[in-house]
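A.B. asks: show me the folded form of this:
(4 chains)
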There are 2 protein chains.
Amino acid sequence: MNAHLPAGEDARFAAALDRLLLLTAMLNDDMHRGLAADGLTPSRTSLLWTLRRLGPSPQKDIAAAMKVSARTVTGLVDGLVATGFVTREEHPSDRRAFLVSFTALGTAAVDKLEAEQRDFSRRLFAHMPASRLDGLVAGLDDVLATLYALGLRSPF
Amino acid sequence: MNAHLPAGEDARFAAALDRLLLLTAMLNDDMHRGLAADGLTPSRTSLLWTLRRLGPSPQKDIAAAMKVSARTVTGLVDGLVATGFVTREEHPSDRRAFLVSFTALGTAAVDKLEAEQRDFSRRLFAHMPASRLDGLVAGLDDVLATLYALGLRSPF
DNA sequence: TATTGTTATACTCTATAACTATA
DNA sequence: TATAGTTATAGAGTATAACAATA
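C.D. replies: Now for the predicted structure:
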């Protein structure tokens, strides 16, 4: 127990964290369900987002950006090649490496995900009074800054 | 993104969703890392939380509460028995079934997780002005209500 | 000698289907 | 016949280590 905090404070903090964790779980669940409809898995989708950010890249760079092992990227790219979202192209100057590149299908899939995310943000926020949205964003920024100060880093 | 330019509505919504998704990813990552230190995995921990809520239960009830298959619960309980967090006890009236029950180690593990969560909520929120915490909670509640209206349900 | 990506192997999580023991 | 849980099997994601081809 922490004697120098008023009794009700802890309950307020716990209630706030409960909401954050509940929201985290619900958003995760929803995203994963939506992905399956496009023939994608969460990890393969994460690779597509990374690839869009990096442009055509050797697997080593993708592994570094995603913070996973080279072996994991081999498996994810195998799956994405099999389902037609990316290709392994020759690297122009290093014959050990590939350039993982989007197919038209892969580009269309990421475009669609992006559009869905924009629509989703409208459904979540468009009806909110501006002051409530401002309050939410201020609170989230505060939490993100605290997490950063605690040493947590974005996985992206 | 350029913070000096007046943002349109869509950009405001997208920025808010970006923060939510970033926070989701960071909280997930942090929780999973913390678990490994206790010899637990995310799914096994989820089972322990469920078991605390239900009390000693047959695996079928655990599967229903966790929304996973009976086979998955068999595997999770196997792992938790092997690492000493739970036991399979005889069911008093149904010899087909077990009552999955906490060991002292399992109870201590969940107690510890609960204490860590309380400490974490203090680190996140104790420094915040009350008005900011209120604004955050109001925004989160609004989002949760919207998700509920969209048909999303808590995984718990 | 160092690096890129693969094969070999292993563990977790998830699932469906077939099966055993019991209800 | 129906139910509780297991075995059998499979696929995704993750990892380390050994190895190939190339730098």
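A.B. asks: pick out the residue nearest the middle of chain A.
C.D. replies: The centre of chain A sits closest to residue A:46, judged by C-alpha atoms, centre = their mean, with a distance of 6.3 Å.
A.B. asks: and the residue nearest to that residue when sequence neighbours are not counted, how many neighbours does it have?
C.D. replies: Setting aside the residues directly before and after it, residue A:46 is nearest to residue A:66 in space (C-beta to C-beta, 6 or more residues apart in numbering or on different chains), at 6.3 Å. From N, CA and C alone the C-beta is placed, and that goes for glycine too. The criterion is other C-beta atoms under 10 Å in any protein chain shown. On that basis, residue A:66 has 19 neighbouring residues.
A.B. asks: does residue A:66 touch residue A:73 like I think?
C.D. replies: Yes: the criterion here is C-beta atoms under 8 Å, and residue A:66 meets it with residue A:73 at 7.2 Å.
A.B. asks: now list whatever residues contact both of the two.
C.D. replies: Common contact partners of residue A:66 and residue A:73 (C-beta atoms under 8 Å, 6 or more residues apart in numbering or on different chains): residue A:47.
A.B. asks: how about residue A:45, secondary structure?
C.D. replies: Reducing the assignment at residue A:45 to three states with DSSP: H, G, I helix; E, B strand; the rest coil gives helix.
A.B. asks: likewise residue A:84?
C.D. replies: State at residue A:84, reduced to three classes by three-state DSSP: coil.
A.B. asks: need phi/psi at it.
C.D. replies: The phi and psi torsions at residue A:84 (degrees, to the nearest 10) take the values phi 80, psi 20.
A.B. asks: ok, now residue A:155?
C.D. replies: For residue A:155, the backbone dihedrals are phi -70, psi 0 (criterion: degrees, to the nearest 10).
A.B. asks: what sits against it?
C.D. replies: Taking C-beta under 8 Å, 6+ apart, one finds A:67, B:25-26, B:29 in contact with residue A:155.
A.B. asks: which two of those have the greatest separation?
C.D. replies: Comparing every pair within those by C-beta to C-beta identifies A:67 and B:26 as the most remote, at 12.8 Å.
A.B. asks: residue A:106: neighbouring residues, count only.
C.D. replies: Residue A:106 - counted by other C-beta under 10 Å - has 21 other residues nearby.
A.B. asks: flag every buried residue along the one helix or strand it maps to.
C.D. replies: Counting by DSSP states H and E, the secondary-structure element that holds residue A:106 is helix A:104-125. Under the neighbour-count criterion of 16 or more other C-beta atoms under 10 Å in any protein chain shown, helix A:104-125 has A:106-107, A:109-110, A:113, A:117, A:120-121, A:124-125 buried.
A.B. asks: one more: stretch A:45-63?
C.D. replies: Here stretch A:45-63 shows A:45-48, A:50-51, A:57-59, A:61-63 as buried, counting by 16+ other C-beta under 10 Å.
A.B. asks: now the angle from the helix or strand bottoming out on mean pLDDT in chain A to helix A:104-125?
C.D. replies: Using mean pLDDT, DSSP states H and E, the weakest-scoring helix or strand in chain A turns out to be helix A:7-36, at a mean of 90. Direction vectors for helix A:7-36 and helix A:104-125, defined by axes from the mean of the first three to the mean of the last three C-alpha atoms, to 10 degrees, enclose an angle of 150 degrees.
A.B. asks: how about helix A:7-36 and DNA strand C, any contact?
C.D. replies: No: legend: contact between helix A:7-36 and DNA strand C by C-beta under 7 Å from any atom of the strand is lacking; minimum distance shown is 10.3 Å.
A.B. asks: check stretch A:45-54 too.
C.D. replies: No: Stretch A:45-54 does not reach DNA strand C (C-beta under 7 Å from any atom of the strand); its nearest approach is 12.3 Å.
A.B. asks: how far is that stretch from where the chain is centred?
C.D. replies: Its chain's C-alpha centre lies 10 Å from the corresponding centre of stretch A:45-54 when counted by C-alpha atoms, centre = their mean, to the nearest Å.
A.B. asks: got it, and stretch A:132-147?
C.D. replies: Put simply, stretch A:132-147 sits 19 Å off its chain's centre (C-alpha atoms, centre = their mean).
A.B. asks: got it, and stretch A:89-107?
C.D. replies: If you compare the mean C-alpha spot of stretch A:89-107 with that of the full chain, they lie 23 Å apart, counting by C-alpha atoms, centre = their mean.
A.B. asks: contact partners of that stretch?
C.D. replies: A:48, A:51-52, A:56-60, A:62, A:77, A:80, A:84-88, A:110.
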